[in-house]
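Peer 1: 3D, please:
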Amino acid sequence: MSEIIDNKRYHILKMSIKDLIEINPKVLGGTPVIKGTRIPVTLLKRLIRVGYPEGVITHEYPSLTIEKILAFKELIQSGKYVPETK
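Peer 2: So this is what the prediction gives:
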């Protein structure tokens with residue numbers, strides 16, 4: 001079981017901005033969104049900042065996975081540039 005958790009954590013840490021964020025003029029007019037969803041980066045960042053638990057976020061936004069949320073948290077906590085607006 002520990003090995004499965006370690007593999008998941010490794011996969012999460014290896015996600016890059018390109019794996020998580022998509023900018024497509026056909027999706028919300030080019031607003032940066034979480035890849036594979038129509039959820040703006042700014043919304044997820046705000047939910048994380050105010051302390052919404054991952055379980056609540058995935059319940060409210062079923063197209064988001066726990067893995068993507070955790071990877072996004074790692075990304076913003078690392079201080080890497082995260083595009084927020086077009």
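
Peer 1: next up, the contacts around His59.
Peer 2: Residues counted as contacts of His59 (CB atoms under 8 Å, 6 or more residues apart in numbering): none. From N, CA and C alone the C-beta is placed, and that goes for glycine too.

Peer 1: so which strand or helix has it?
Peer 2: His59 is part of helix 54-60, with elements assigned from DSSP states H and E.

Peer 1: would you mark the buried spots in the helix or strand just after that helix?
Peer 2: Downstream of helix 54-60, the next assigned helix or strand under DSSP H and E is helix 66-77. Neighbour counts over helix 66-77 (16 or more other CB atoms under 10 Å) mark Lys68, Ile69, Leu70, Ala71, Phe72, Leu75 as buried.

Peer 1: tell me the pLDDT at the most centrally placed residue in the chain?
Peer 2: Taking CA atoms, centre = their mean, the centroid of the chain lies closest to Phe72, which sits 3.8 Å from it. With respect to pLDDT, Phe72 has a value of 89.

Peer 1: residues touching it, list them.
Peer 2: Leu20, Ile34, Leu44, Lys45, Ile48.

Peer 1: what's in contact with stretch 35-54?
Peer 2: 19-22, 27-28, 31-34, 57, 61, 63-64, 66, 68-70, 72-73, 76, 82-85.

Peer 1: Thr65 - how many residues pack around it?
Peer 2: 15 (other CB atoms under 10 Å).

Peer 1: mind listing what the nearest residue to it once chain neighbours are set aside touches?
Peer 2: Spatially, and ignoring its direct neighbours in sequence, Thr65 is nearest to Thr58 (7.0 Å; CB to CB, 6 or more residues apart in numbering). When contacts are counted by CB under 8 Å, 6+ apart, Thr58 touches Leu64, Thr65, Ile66, Ile69.
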